[in-house]
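Q: Let's see this in three dimensions:
(2 chains)
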Amino acid sequence: MASVAENVMRFFRSSSAQVSAPAVPQKRSRRSSGMAEISRLLNSQEALYVLDLGSTSANNISFLTAKGHKNYSEDLLRAALDPALRVRDEAGKFVFDSKKFLEENLTYTNATFDVVLCWNLPDYMEESLVKPTIDRLWSVMKPGGLLLVFFHTRDAGPDAPCYRFHITGTDMLEMQEVRLAASDKQSPRLQRVFNNRHIENLFRDFASIKFFLARDAIREVLLVR
Amino acid sequence: MDAPKTGEFAHIGKSVVIKGELSGSEDLYVDGNVEGSIELHNNSLIVGPNGIVKASVKAKGVVIQGRVEGTVSASERVELRKTAVVSGDVVAQRIAIEEGAVFQGKIDIQKEPGKAAAS
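A: Here you go, the predicted model:
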């Protein structure tokens, strides 16, 4: 008969085996005050131009097109992780080429947007790309257009999971961890934590800024162009 | 819908490369490489998992399992399967996207003429 100690050890071994088993990216839901504000606009007007900067989400496309809006989709985080953007500066240090990045991305000659869903992109972008990207977003938005951005409120470490957000209701989002393919050379890593002053500076060209602090240590920021 | 049986669809195999205008009045399965334009106004197009299409596409229905670059216009439905990588604009009455599909561009859902007139 196995001893109590052996049974206890077997229990822990089997528990850890369950925990370490490779899992399908988990999804969890969260309420979003910022999304509720965006939904108010989406429900009150027709044929708005909406730019979704997360990776492709069938939910988001269905949600937006069902309301008669025009949906533009661009996976900017994946583009920002492109190793080809890394170049050496005059001092020989590796930097990200923001000029090349903006030549290849966010180039909309025939559209200006009423709504931009930026999600948590700035937290995972390399520093030199953040400000030029926000400036470009400002330039492709209509006056009065809404921009939704999420920021971590505290440092969760570079390996903090990066989520993509699926819209499941007017104020509900489903979060799914971003797992890039093995062929991708870089994974998204939390680069920094912006404080309120940084955020205000980053978006100083916008007409107004509203903060929503959520319970999951995410600060939602809604901006009016 | 996986690879259709031969005979149901005109078939462009994975070793075939076509550059130019492609038009027809039967359903088409492309598992090869097409550059230019594809017009099948009353018929459907399937881009197979090995298919690489760099073209403007006009068809009744379009199912994409491979890679497409260009504008896709469907008078009915566009489906992006989980292996699809689409870069360009999609105009259709309905769209279905499987988890895992990658899309970059604009989606414009156009109402059915009858419904548009009624609304």
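Q: which residue packs closest to A:Asp135, ignoring adjacent ones?
A: Nearest non-adjacent residue to A:Asp135, counting by Cβ to Cβ, 6 or more residues apart in numbering or on different chains: A:Asp205, 7.3 Å away. From N, CA and C alone the C-beta is placed, and that goes for glycine too.
Q: how close does the one you found get to A:Ala111?
A: A:Asp205 is 20 Å from A:Ala111, where distance means Cβ to Cβ, to the nearest Å.
Q: How about the contacts made by B:Leu45?
A: B:Asp27, B:Leu28, B:Tyr29, B:Val30, B:Ile38, B:Val57, B:Ala59, B:Gly61, B:Val62, B:Val63 (Cβ atoms under 8 Å, 6 or more residues apart in numbering or on different chains).
Q: what pLDDT does the fifth one get?
A: The score at B:Ile38 is 96. That number is its pLDDT.
Q: which parts of the helix or strand containing it are buried?
A: According to DSSP states H and E, B:Ile38 maps onto strand B:33-47. Under the neighbour-count criterion of 16 or more other Cβ atoms under 10 Å in any protein chain shown, strand B:33-47 has B:Asn33, B:Val34, B:Ser37, B:Ile38, B:Glu39, B:Leu40, B:Asn43, B:Ser44, B:Leu45, B:Ile46, B:Val47 buried.
Q: ok, now stretch B:54-67?
A: B:Ala55, B:Ser56, B:Val57, B:Lys58, B:Ala59, B:Gly61, B:Val62, B:Val63, B:Ile64, B:Gln65, B:Gly66, B:Arg67.
Q: want to throw the residues you listed into a markdown table with pLDDT and distance to chain A?
A: Listed next are the buried residues of stretch B:54-67 as a markdown table, based on pLDDT from 0 to 100; distance: Cβ to the nearest Cβ, whole Å:
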| residue | pLDDT | distance to chain A |
| --- | --- | --- |
| B:Ala55 | 95 | 20 |
| B:Ser56 | 95 | 16 |
| B:Val57 | 96 | 18 |
| B:Lys58 | 96 | 19 |
| B:Ala59 | 96 | 19 |
| B:Gly61 | 96 | 17 |
| B:Val62 | 97 | 15 |
| B:Val63 | 97 | 15 |
| B:Ile64 | 97 | 12 |
| B:Gln65 | 97 | 15 |
| B:Gly66 | 96 | 16 |
| B:Arg67 | 97 | 14 |
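Q: In strands, which of those fall?
A: Using DSSP state E, the members of those that fall in strands are B:Ala55, B:Ser56, B:Val57, B:Lys58, B:Ala59, B:Gly61, B:Val62, B:Val63, B:Ile64, B:Arg67.
Q: so which strand or helix has A:Glu37?
A: Per DSSP H and E: helix A:33-44 holds A:Glu37.
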